[in-house]
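Visitor: The following comprises the amino acid sequence and a computationally predicted model.
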Amino acid sequence: MLDEEMLQALLRDWPLIQITEKAGIPTEIYRFTYNLRGLYVSGSGEILERETHVLEVNLSLGYPKRAPQCRMLTPVFHPNFDDSMVCIGDFWAASEGLDDLIIRIGRMITYQEYNTKSPLNGLAAKWAAQNSHLLPIDPRPVAPPFKDAAYAEAKEREAPSPVVPSVSDASTQDADPWSGKIVLGTES
């Protein structure tokens, strides 16, 4: 529920990324529409620009320890996308929020981020390496320019509290805990 609260606050009134569908209570499946320029391959084999992309995110049973399952519902020509999934394994960590992931995938769609070292689409990786002078396809900032108070409050609740070590007096800190006599049993 915290993820949904943060996403709603982050994407409120942001035209480049919108939550277009949700399913489950709490939400387990999201659909996001990205209004960003990216690439796709036409039926005739041409690499063309597309202005709108739809992503489906399924929060798996082990989420957030396990990465969400992400797949594009519109074709994307990118080294880290294929027909059935988006490769997020290289950067997913349980500490990363769903909001961060959604922004990162937007950056990937626009070729602001891509990894040609372990691609899902080798042809797109080769194309990106040969055409780096054309990238990014869409240079606009993907993330909203500001984060409102509701988003900041939700992000604060998500962050783990820092562990503050207790301070004890010096006499107990310097004592060797193994120096005392150990008694295993008593003789009668």
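Guide: Good, I have the coordinates.
Visitor: Counting by contacts, list what the helix or strand encompassing residue 99 packs against.
Guide: Assigned by DSSP states H and E, residue 99 belongs to helix 98-109. On a contact count with 3 or more C-beta pairs under 8 Å, 6 or more residues apart in numbering; DSSP states H and E, helix 98-109 meets helix 2-11, strand 17-23, strand 29-34, strand 53-58. The way it works is simple: take the backbone N, C-alpha and C, and place the C-beta from them, glycine included.
Visitor: any chance of these in JSON lines, with mean neighbour count too?
Guide: Putting these into JSON lines (neighbours: other C-beta atoms under 10 Å) gives the following:
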{"stretch": "helix 2-11", "mean neighbour count": "19"}
{"stretch": "strand 17-23", "mean neighbour count": "15"}
{"stretch": "strand 29-34", "mean neighbour count": "19"}
{"stretch": "strand 53-58", "mean neighbour count": "20"}
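Visitor: Dump the ones you listed to JSON lines, plus distance to residue 133.
Guide: Shown next, in JSON lines, are the helices and strands packed on helix 98-109 (distance: least, C-beta to C-beta, whole Å):
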{"stretch": "helix 2-11", "distance to residue 133": "32"}
{"stretch": "strand 17-23", "distance to residue 133": "27"}
{"stretch": "strand 29-34", "distance to residue 133": "24"}
{"stretch": "strand 53-58", "distance to residue 133": "23"}
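Visitor: okay, and for this structure, where does confidence drop off?
Guide: 89-91, 146-188 (pLDDT under 70).
Visitor: you'd agree residue 135 is up against residue 109?
Guide: No - in this structure, residue 135 is not within contact of residue 109 by C-beta atoms under 8 Å, at 12.0 Å.
Visitor: Looking at the two, which is more packed in?
Guide: When residue 135 is set against residue 109 and neighbours are counted by other C-beta atoms under 10 Å, the residue ahead is residue 109, at 29 against 14.
Visitor: all helices of this structure, in order?
Guide: Along the chain, the stretches classed as helices by DSSP state H are 2-11, 98-109, 122-130, 149-158, 170-174.
Visitor: Just the angle for the second one relative to strand 53-58, thanks.
Guide: Helix 98-109 and strand 53-58 are oriented at 140 degrees to each other (axes from the mean of the first three to the mean of the last three C-alpha atoms, to 10 degrees).
Visitor: Check the third one too.
Guide: Calculated by the same axes, to 10 degrees, helix 122-130 forms an angle of 120 degrees with strand 53-58.
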